[in-house]
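1. no sequence on this one, just coordinates:
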């Protein structure tokens, strides 16, 4: 499968590496040439030697998207640090280039929810963090009320769902 | 009219000022704290602080009752998103979006966001207007309504030169609306005689623009 990933922050670069390791063809687009270094974290060879592709350009530049191979992409991931950029470029991938699978990372739960309902597939890390934190706090509350006698039951030390990504 | 203006840059602030003066009920939203505080000194409660691409900020600013939404932030993605939710989520009937980078115009159009205002395009129009060698100037484009208004320079060799308006065989679907001659503009009657050098304003269907341009701007002999 050919995967195009736009935005190489922690999320984009990790997904890119994982897809390459799984044996997929991976192309990335980011406006910062330095993002190349983040792609190569924990790799023992260069990104290109491993078969990866990187285009430097901005998400809304049609020429950059074309160079990165959007016309033959099977899957498209929008993971820049801008929610609105991700929402707009995902719609371009879907409506203009007919990419079969398009996924947008959207941090704002309200925008993520509404666009999901409009047919833009969104992943909302904030929503996931909220749900996990709520569950942890509820568990702690349950333990606290159940074991009102035993003090150590209330210690919720194992939380730490490290999702606060930028 | 109840109007929401998003982005208090030079455009947004001045626009808001003008709209208030015309008696409209305007709310302006700005996400930069310093800018917000500056503008707030003048227009007080008509400006709100917040990121206009957050739905709750739009709702707090009254988007559900707005009759018009004007997105003039300096960020095209934000303007697209604001207009898209205004139109499709909140059912706002009139939207106007600013295009900062003319190369992004295609994205606005792909997502059905019109009309668009682009400073670059406006300046280009003015240049076309000021530099007559172009021969053809677009004064207004209403692509959805299939109408446009253009200005044409009447070439001395045109078939139309020296003829009365009533005798012109201009294409169906076009109409001459005024003539600019020696710095003066007037609405032509059937007996008005066209002169070389006249600037002719016409309203027409964009699909016949080439025919009309050929008729006025090119040599009369070109197409017989």
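-> Sure, I can see it. These numbers were taken from a predicted model, which means no experiment stands behind them. Numbers count the residues shown, from 1 in each chain, chains lettered A, B, ... in the order given.
2. got a list of what residue B:4 touches?
-> For residue B:4, the contacting residues are B:26-27, B:29, B:58, B:61-63, B:66, B:68-70, B:86, B:92, by Cβ atoms under 8 Å, 6 or more residues apart in numbering or on different chains. C-beta: built from backbone N, CA, C; applies to glycine.
3. just the ones of those in strands?
-> Counting by DSSP state E, the part of the contacts of residue B:4 found in strands is B:26, B:27, B:29, B:68, B:69, B:70.
4. tell me the two of the residues you listed that are most distant?
-> The two members of those with the most space between them (Cβ to Cβ) are B:29 and B:68, at 14.0 Å.
5. tell me which of the two has more neighbours.
-> Legend: neighbour count by other Cβ atoms under 10 Å in any protein chain shown for residue B:29 and residue B:68, higher for residue B:29 (27 against 18).
6. relative to residue B:195, how far out is that one?
-> 52 Å (Cβ to Cβ, to the nearest Å).
7. for residue B:166, same thing?
-> 16 Å.
8. just give me the neighbour total for the residue lying closest to residue B:35 once chain neighbours are set aside.
-> Leaving out its chain neighbours, the residue that sits closest to residue B:35 by Cβ to Cβ, 6 or more residues apart in numbering or on different chains is residue B:8, at 5.7 Å. Per other Cβ under 10 Å, the neighbour tally for residue B:8 reads 28.
9. who's in contact with residue A:72?
-> Going by Cβ under 8 Å, 6+ apart, residue A:72 touches residue A:2.
10. let's see the pLDDT reported for it.
-> Residue A:72 carries a pLDDT value of 97.
11. so for residue B:166 and residue B:195, which residue has more residues nearby?
-> Under the criterion of other Cβ under 10 Å, the comparison of residue B:166 against residue B:195 puts residue B:195 first, with 14 against 10.
12. so what's the one residue in chain A that gets nearest to chain B up against?
-> Taking Cβ to the nearest Cβ, chain B has its nearest neighbour within chain A at residue A:84, 4.0 Å off. The contact partners of residue A:84, taken as Cβ under 8 Å, 6+ apart, are B:53, B:75, B:77, B:78, B:80, B:81.
13. hmm, 6 Å instead?
-> By Cβ atoms under 6 Å, 6 or more residues apart in numbering or on different chains, residue A:84 lies in contact with B:53, B:77, B:78, B:81.
14. so residue A:135: helix, strand or coil?
-> At residue A:135 the chain is in helix, as set by DSSP: H, G, I helix; E, B strand; the rest coil.
15. ugh, typo on my part, it should be residue A:8
-> coil.
16. ok, it to residue A:16 distance?
-> Distance of residue A:8 to residue A:16, given as Cβ to Cβ: 7 Å.
17. give me the more crowded residue out of the two.
-> residue A:16 (29 against 25).
18. can you pull the pLDDT of residue 135?
-> Looking at chain A here, since you left the chain open. In this model, residue A:135 carries a pLDDT of 97.
19. oops, I was thinking of chain B
-> Residue B:135 is given a pLDDT of 70.
20. what sits against it?
-> Residue B:135 makes contacts with B:153, B:217, as judged by Cβ under 6 Å, 6+ apart.
21. hmm, try it at 8 Å
-> Applying Cβ under 8 Å, 6+ apart to residue B:135 gives the contacts B:152, B:153, B:155, B:213, B:217.
22. just put the residues you listed in a markdown table and tack on neighbour count.
-> Putting these into a markdown table (neighbours: other Cβ atoms under 10 Å in any protein chain shown) gives the following:
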| residue | neighbour count |
| --- | --- |
| B:152 | 22 |
| B:153 | 19 |
| B:155 | 18 |
| B:213 | 16 |
| B:217 | 19 |
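23. which bits of chain B sit near chain A?
-> Counting by Cβ under 8 Å from any Cβ of the partner chain, the residues of chain B close to chain A are B:53-56, B:75-78, B:80-81, B:85, B:88-89, B:103-104, B:106-107, B:110-111.
24. just the buried ones out of the residues you listed, please.
-> Neighbour counting with 16 or more other Cβ atoms under 10 Å in any protein chain shown marks B:53-55, B:75-78, B:80-81, B:85, B:89, B:104, B:107, B:111 as buried within these.
25. what about residue B:11, which SS state?
-> helix.
26. got a list of what it touches?
-> Contact analysis of residue B:11 by Cβ under 8 Å, 6+ apart lists B:72, B:98.
27. any idea how far it lies from chain A?
-> In this view, residue B:11 and chain A are 19 Å apart by Cβ to the nearest Cβ, to the nearest Å.
28. ok and the residue in chain B nearest chain A?
-> Taking Cβ to the nearest Cβ, chain A has its nearest neighbour within chain B at residue B:77, 4.0 Å off.
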